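A.B. asks: Could you work out the structure for the sequence below:
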Amino acid sequence: MQIRQRIACFAPRSARSAFSLIEVTIAVGIAGFVLVALVGLLAVGLDASRRAGEDTTVAGLAETVVSRLQEVAFDDLPSSDSIEFKLDGTLADNPSDGFFRCDIVTAPHSASVLAESLRREDLGVRVRMTFYWPPDNPKPKEIFETTIARY
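C.D. replies: So this is what the prediction gives:
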């Protein structure tokens, strides 16, 4: 009797306890489909992260431009200018070193409530900053507008 029990423990499993070839094929197909979907989402996520980083950098550059314009005497504000920045956000010494280009256009802000109430149009300047990257790209990627007031 003991010999039969020992032989039974070494006997092959029944066909019911194993996976069939079709079950394994379906499982591998589902796993492959899920992996392809995850890789696709990874690419989208990385692209969104890159764009968010660029947008954050450009917003910081816009703050830098406004700060520079506020340092200039109000009557000496340029009507237009172009500034190039390196990838790290510092000013580019040479145009070839620039990664971002900012075209600045200023105009009197005659539509301001303060200017209308005082009948003066020289109290504010509208500033439009158009950012391009790479600098030779003809299509703008970000546009910021703000007002600088005389004080």
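
A.B. asks: Could I get the full set of strands for the chain?
C.D. replies: Under the criterion DSSP state E, the chain contains strands at 80-85, 100-108, 124-132, 142-149.

A.B. asks: and the first one, C-alpha only, in PDB?
C.D. replies: Read that as strand 80-85. Taking Å, rounded to 0.1, in the frame of the first residue of the first chain, the C-alpha atoms of strand 80-85 are listed here in PDB:
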ATOM      1  CA  SER A  80       9.700  97.000 -29.800                       C
ATOM      2  CA  ASP A  81      12.600  94.800 -28.900                       C
ATOM      3  CA  SER A  82      13.800  91.200 -29.100                       C
ATOM      4  CA  ILE A  83      15.600  89.300 -26.400                       C
ATOM      5  CA  GLU A  84      17.100  85.800 -26.600                       C
ATOM      6  CA  PHE A  85      17.400  83.500 -23.600                       C
END
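
A.B. asks: which one of the strands of the chain lies closest to Val36?
C.D. replies: strand 142-149 (33.6 Å; CB to CB). Where you see a C-beta, it was placed from the backbone N, CA and C, and this is true even at glycine.

A.B. asks: now the closest one against strand 124-132, angle please.
C.D. replies: 160 degrees (axes from the mean of the first three to the mean of the last three CA atoms, to 10 degrees).

A.B. asks: May I see the buried residues of strand 142-149?
C.D. replies: Glu142, Phe144, Ile148 (16 or more other CB atoms under 10 Å).

A.B. asks: what's across from Asp81 in the sheet?
C.D. replies: With DSSP bridges applied, Asp81 shows beta-bridge pairing to Ile104.

A.B. asks: my guess is it meets Arg128, correct?
C.D. replies: No. Asp81 is not in contact with Arg128 according to CB atoms under 8 Å; the separation is 11.4 Å.

A.B. asks: what inclination does the longest helix seen in the chain have with respect to strand 124-132?
C.D. replies: For the chain, the longest helix by residue count, based on DSSP state H, is helix 21-71. Calculated by the same axes, to 10 degrees, helix 21-71 forms an angle of 140 degrees with strand 124-132.

A.B. asks: and helix 21-71, how far from the chain's centre?
C.D. replies: Taking CA atoms, centre = their mean, to the nearest Å, one finds helix 21-71 lying 9 Å from the centre of the chain it belongs to.

A.B. asks: Per-residue pLDDT of the closest residue to Arg68 other than its chain neighbours, please?
C.D. replies: Counting by CB to CB, 6 or more residues apart in numbering, the nearest residue to Arg68 once its immediate chain neighbours are dropped is Ile83, at 8.0 Å. On the pLDDT scale, Ile83 is placed at 92.
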